[in-house]
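Engineer: Attaching a predicted model along with its sequence, questions to come.
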Amino acid sequence: MNVFVLAANQFLDDLQKQALKAFTNLQKCIQRRIRPLLAPAILSQPATLLHSHSDSEVKLVTPPIGSIKSVRDIMICLDDFLEELEHHKIFEAVIRHFFVQAFYLIGAETFNQMTEDSRYCSYTNAFQIKFAVAQLLAWVSARSQALSLSRTR
């Protein structure tokens, strides 16, 4: 009986190590995909561009979709991860924890970019960040119950 208990404990330890390794690799993967998007999507967004045909005619023009990284690109990345986790029937608690960590990453990386580059510290960027956070919260609210706002706080 004692040999069985030892074997079962060893199996559980090995299983926990593998699960932790898989979770850590998944976190590294989302970090590699999201990190390059953060500064351009959240901190460097021109709301519109001025385009003039003549001195008397000035138009506000929005850049073409896809030409500038946006919060939507971050949400697409998050959607990809959520779909993959749900496809593989990962427990809701693990999915929730994964996205809590992903949002900590987004917050920390955005803050680090702001402290490293003084051009990002402005009132305009504060409003851009607030708008980006609102969009990300809307993304969380619109997704599965595993990501409901009350569960991720």
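Structural biologist: Sure thing, it's come through.

Engineer: Pull the number of nearby residues for N112.
Structural biologist: 12 (other C-beta atoms under 10 Å). From N, CA and C alone the C-beta is placed, and that goes for glycine too.

Engineer: what comes up buried for the helix or strand it falls within?
Structural biologist: N112 is part of helix 92-116 when elements are defined by DSSP states H and E. Neighbour-count burial for helix 92-116, counted by 16 or more other C-beta atoms under 10 Å, picks out I95, R96, F98, F99, A102, F103, L105, I106, E109, T110, Q113, M114.

Engineer: cool, and stretch 32-43?
Structural biologist: I34, L37, L38, A39, A41, I42, L43.

Engineer: Save these as CSV, and put in pLDDT and secondary structure too.
Structural biologist: Shown next, in CSV, are the buried residues of stretch 32-43 (pLDDT from 0 to 100; DSSP: H, G, I helix; E, B strand; the rest coil):
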residue, pLDDT, secondary structure
I34, 92, helix
L37, 89, helix
L38, 87, helix
A39, 85, helix
A41, 85, helix
I42, 84, helix
L43, 80, helix
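
Engineer: Excluding residues flanking it in the chain, which one is nearest L105?
Structural biologist: Leaving out its chain neighbours, the residue that sits closest to L105 by C-beta to C-beta, 6 or more residues apart in numbering is Q31, at 5.9 Å.

Engineer: how close does R35 sit to V3?
Structural biologist: 48 Å (C-beta to C-beta, to the nearest Å).

Engineer: quick one: the helices in this protein?
Structural biologist: For the chain, the helices defined by DSSP state H cover 2-38, 71-87, 92-116, 123-142, 149-152.

Engineer: Now tell me which of these the model trusts least on average.
Structural biologist: For the helices of the chain, mean pLDDT drops lowest on helix 149-152, to a mean of 48.
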